[in-house]
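model the following, please.
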Amino acid sequence: MALLLVGLAGLVLSAGITFGGWQLLAIRSGSMRPHWARGSLLILTREPASAVRVGQEIEYRPPKDLFNGIIVHQVIAIQKVSPGHYVAQTKGSANPVEDPWHDYLSGSVYKVDAALPWLGMIPIALSHL
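Numbering: from 1, shown residues only. A predicted model of the protein is given here:
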């Protein structure tokens, strides 16, 4: 029965990635505690940048000279700078201060729709092989 559930979950995730435009991301740090622990697997979907609101968790790439990678943090402020272009200030829930950069959003962004505890440990472990 457990094997059947794992197979069904894998099928749903595969279909979501292939047909639903989902993106999966493993949480590698504790900056978003208590929302998600290290090792959680996030399911992200696209939405227009114009729909981003304070309180949402979004994926973005900070400036490479400050951090080389992808981050998912919570939007704490957002401002429209021109039609279709926005600047967001973000912060990790467990971090004492906001991120030291601003995120420039346009087009669409990925937002967090669901989190699966501990399933992110699989890609984290595989990345160390």
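
Gly21 reaches Arg46, doesn't it?
Yes: the pair Gly21 / Arg46 is scored as a contact, 5.6 Å apart, by CB atoms under 8 Å. (C-beta placed from N, C-alpha, C; glycine too.)

of these two, who's got more company?
Arg46 (15 against 12; other CB atoms under 10 Å).

what helix or strand is that one on?
Arg46 belongs to strand 41-48 when elements are defined using DSSP states H and E.

same for that strand, what does it pack against?
strand 23-26, strand 108-116 (3 or more CB pairs under 8 Å, 6 or more residues apart in numbering; DSSP states H and E).

send the alpha carbons of the shortest one over as PDB?
When you say that, I think you mean strand 23-26. C-alpha atoms of strand 23-26 as PDB (Å, rounded to 0.1, in the frame of the first residue of the first chain):
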ATOM      1  CA  GLN A  23       8.600  23.700 -10.300                       C
ATOM      2  CA  LEU A  24      10.000  21.800  -7.300                       C
ATOM      3  CA  LEU A  25      12.600  23.300  -5.000                       C
ATOM      4  CA  ALA A  26      14.300  21.700  -1.900                       C
END
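
quick one: contacts of that strand?
13, 17, 39-45, 59, 70, 72, 110, 120-124 (CB atoms under 8 Å, 6 or more residues apart in numbering).

one more pass at 6 Å, please.
Residues outside strand 23-26 that contact it (CB atoms under 6 Å, 6 or more residues apart in numbering): 41-42, 44, 110, 120, 123-124.

each with direction, which strands does the strand holding Arg46 pair with?
strand 23-26 (antiparallel), strand 108-116 (antiparallel) (DSSP bridges).

roughly how far is the last one from the heart of the chain?
Relative to the chain's own centre, strand 108-116 is displaced by 5 Å; criterion: CA atoms, centre = their mean, to the nearest Å.

quick check: what element follows that strand along the chain?
helix 121-126.

which other residues reach that following helix?
Here helix 121-126 makes contact (CB under 6 Å, 6+ apart) with 26, 39.
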